[in-house]
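Visitor: Attaching a predicted model along with its sequence, questions to come.
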Amino acid sequence: MPKKTEIRERAQGQEGLARKVEVASERFFFNLRWFAAPLYLGLGGALLVIPVKFLQSLFHLYATAFSANFDDVFVGILDLIDLVLLANLLLIVMFSGYENFVSRLDIRGHPDFPSWIGHVTFGDIKLKLMASIVAMSAIHVLSDFIRVDEISTRNLAWSVGIHMAFVASALILAFMDKVMDSTKHRSEPEAEPSRHDSQS
């Protein structure tokens, strides 16, 4: 009997030690997420560059307003829109990525807190990312078509081809996300009856 008790106590001690190692390892892995925080901080630094380039493009547009033709003005405005879309893309990735993968933002009581933060999932980030890329790519293709006399046919073909690749990728991602959502909603009603059955 003493030997059995000793063996049982030793086994329990080993299980307790294994549990402590498991908990410590999980906490270590969980805290590794903070290594991603400087990356989002770096995106914030990159965001500071966009207003500089925006003001530079806007100043150039104003400086050439009387001498530039319609095509030049149109391309200049498209460049400004492109920078705005890029800024919006950075904000979406910064806030949603940090909220989903690092930590929740503790500023929800702020009156200017965006309502969409906290409701954007990883799938939504992918779709918004591809939608922004497709929009910026379309702006570049439109700019190339406006300056079609200054661009070679080869470069124009590459521009259109890359844009169509972005469009196809966005459609595939949207289709995959829709299939996953439909599968998730289809499995949820099946789980409900089983819970009620267990209660009855």
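Guide: Alright, I've got the coordinates.
Visitor: now the helices for the chain?
Guide: 2-31, 37-47, 49-63, 70-101, 122-146, 153-199 (DSSP state H).
Visitor: among these, which is nearest residue 107?
Guide: Residue 107 lies closest, by C-beta to C-beta, to one member of the helices of the chain: helix 70-101, at 10.7 Å. (Each C-beta comes from the backbone N, C-alpha and C, glycine too.)
Visitor: Identify the residues contacting the closest residue to residue 33 other than its chain neighbours.
Guide: Excluding its sequence neighbours, the residue lying closest to residue 33 (C-beta to C-beta, 6 or more residues apart in numbering) is residue 102, at 5.3 Å. By C-beta atoms under 8 Å, 6 or more residues apart in numbering, residue 102 lies in contact with 33, 34, 36, 37, 40.
Visitor: what about the closest residue to residue 47 other than its chain neighbours, neighbour count?
Guide: Nearest residue to residue 47 in three dimensions, chain neighbours excluded: residue 90, at 5.0 Å (C-beta to C-beta, 6+ apart). Other residues within reach of residue 90 by the criterion other C-beta atoms under 10 Å amount to 18.
Visitor: pretty sure residue 90 is touching residue 51, no?
Guide: No: Residue 90 lies out of contact with residue 51 (C-beta atoms under 8 Å); the separation is 11.6 Å.
Visitor: tell me which residues in stretch 50-59 are buried?
Guide: Within stretch 50-59, the residues scored as buried using 16 or more other C-beta atoms under 10 Å are 54, 57, 58.
Visitor: got a markdown table for those, with distance to residue 161 too?
Guide: Shown next, in a markdown table, are the buried residues of stretch 50-59 (distance: C-beta to C-beta, whole Å):
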| residue | distance to residue 161 |
| --- | --- |
| 54 | 29 |
| 57 | 27 |
| 58 | 31 |
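Visitor: hmm, back to that, adding mean pLDDT, write the helices of the chain out as CSV.
Guide: Shown next, in CSV, are those (pLDDT from 0 to 100):
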stretch, mean pLDDT
helix 2-31, 72
helix 37-47, 90
helix 49-63, 93
helix 70-101, 86
helix 122-146, 82
helix 153-199, 74
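Visitor: which one of the ones you listed lies closest to residue 114?
Guide: Using C-beta to C-beta, the nearest of the helices of the chain to residue 114 is helix 70-101, at 7.3 Å.
Visitor: sorry, back to before: ok, now how distant is the residue nearest to residue 33 from residue 175?
Guide: 29 Å (C-beta to C-beta, to the nearest Å).
Visitor: about what we covered before: which of the contacts of residue 102 ranks first by neighbour count?
Guide: In terms of neighbour count, residue 40 stands highest of those at 17 neighbours, by other C-beta under 10 Å.
Visitor: so who does it touch?
Guide: 93, 94, 97, 98, 102.
Visitor: of these, closest to residue 142?
Guide: Of all those, residue 142 sits closest to residue 93, with 24.3 Å by C-beta to C-beta.
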